[in-house]
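sequence first, then the predicted structure:
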Amino acid sequence: MAELKTKNVRATDIELKDKLVAINRVTKVTKGGRHFSFSAIVVVGDENGVVGHGLGKAKEVTEAIAKAIDDAKKNLIQVPIINDTLPHSVRSKFGGGNVFIKPASAGTGIIAGGAMRAVLESAGIKNVLAKSQGSSNPHNVVKATVQALSELRDANMVARSRGVSLDKVFNG
């Protein structure tokens with residue numbers, strides 16, 4: 001069985017908007033005292049099917065956010081969107097974070113919490129039902145959501161992977 005990977009996208013081709021998901025103050029205790037640094041999780045997307053996530057760490061908050069944005073631009077994926085929603089439901093797990101994402105009818109909006117909402121909005125999905133189970137750690141929830149979105153396949157992708165026409169996919 002052929003392994004399908006979603007096509008990575010170049011950040012230079014499109015206009016990306018970034019969203020800060022979480023910022024964490026980290027303390028390292030040494031014999032000289034406490035040393036503070038910051039880690040930031042950022043999601044970037046063009047709100048038209050392209051999304052990516054990144055992590056940045058630095059001594060200053062603004063530096064950490066800038067590093068996270070640069071990292072996110074290196075991890076972009078293309079998401080198939082049909083009529084402002086997903087082609088099918090998908091379940092994914094990363095670490096302790098479990099996510100379930102299901103397509104919804106027009107007018108539903110984004111029914112999702114916290115970190116998942118940021119990823120889905122950045123991807124440009126407008127109608128979706130989503131549930132995060134297990135760990136609510138933003139790192140794991142963001143990574144599980146992006147992993148779930150990368151597993152989505154539309155009818156054209158299925159037809160290409162099977163080597164048949166689009167009619168054959170729907171009519172057997």
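Perfect, thanks for sending it.

look at residue 70 and give its secondary structure.
helix (DSSP: H, G, I helix; E, B strand; the rest coil).

ok, now residue 62?
Secondary structure state of residue 62, per three-state DSSP, is helix.

pLDDT at it, what is it?
Residue 62 is assigned a pLDDT of 95 by the prediction.

now stretch 127-146: how far from the chain's centre is it?
On the basis of CA atoms, centre = their mean, to the nearest Å, stretch 127-146 is displaced by 9 Å from the centre of the chain it belongs to.

not counting its neighbours along the chain, what's nearest the residue nearest in space to the middle of the chain?
Central residue of the chain (CA atoms, centre = their mean): residue 146, 3.0 Å from the mean position. Take residue 146 and drop its neighbours on the chain: the residue closest to it by CB to CB, 6 or more residues apart in numbering is residue 53, 5.3 Å away. C-beta here means a position set from N, CA and C on the backbone, and glycine is covered the same way.

run a quick neighbour tally on the one you found.
Using other CB atoms under 10 Å, residue 53 has 27 neighbouring residues.

wait, the residue nearest to the centre of the chain sits on residue 51?
Yes - here residue 146 lies in contact with residue 51, judged by CB atoms under 8 Å, at a distance of 6.7 Å.

which neighbours do those two have in common?
With contacts defined as CB atoms under 8 Å, 6 or more residues apart in numbering, the residues shared by residue 146 and residue 51 are 77, 119.

ok, back up a step: quick one: which helix or strand includes the residue nearest to residue 146?
Here residue 53, judged by DSSP states H and E, is contained in strand 50-58.

helices or strands up against the worst-scoring helix or strand of the chain on mean pLDDT?
Least confident element among the helices and strands of the chain, by mean pLDDT, DSSP states H and E: helix 166-171 (a mean of 77). In terms of contacts (3 or more CB pairs under 8 Å, 6 or more residues apart in numbering; DSSP states H and E), helix 166-171 is packed against helix 155-162.
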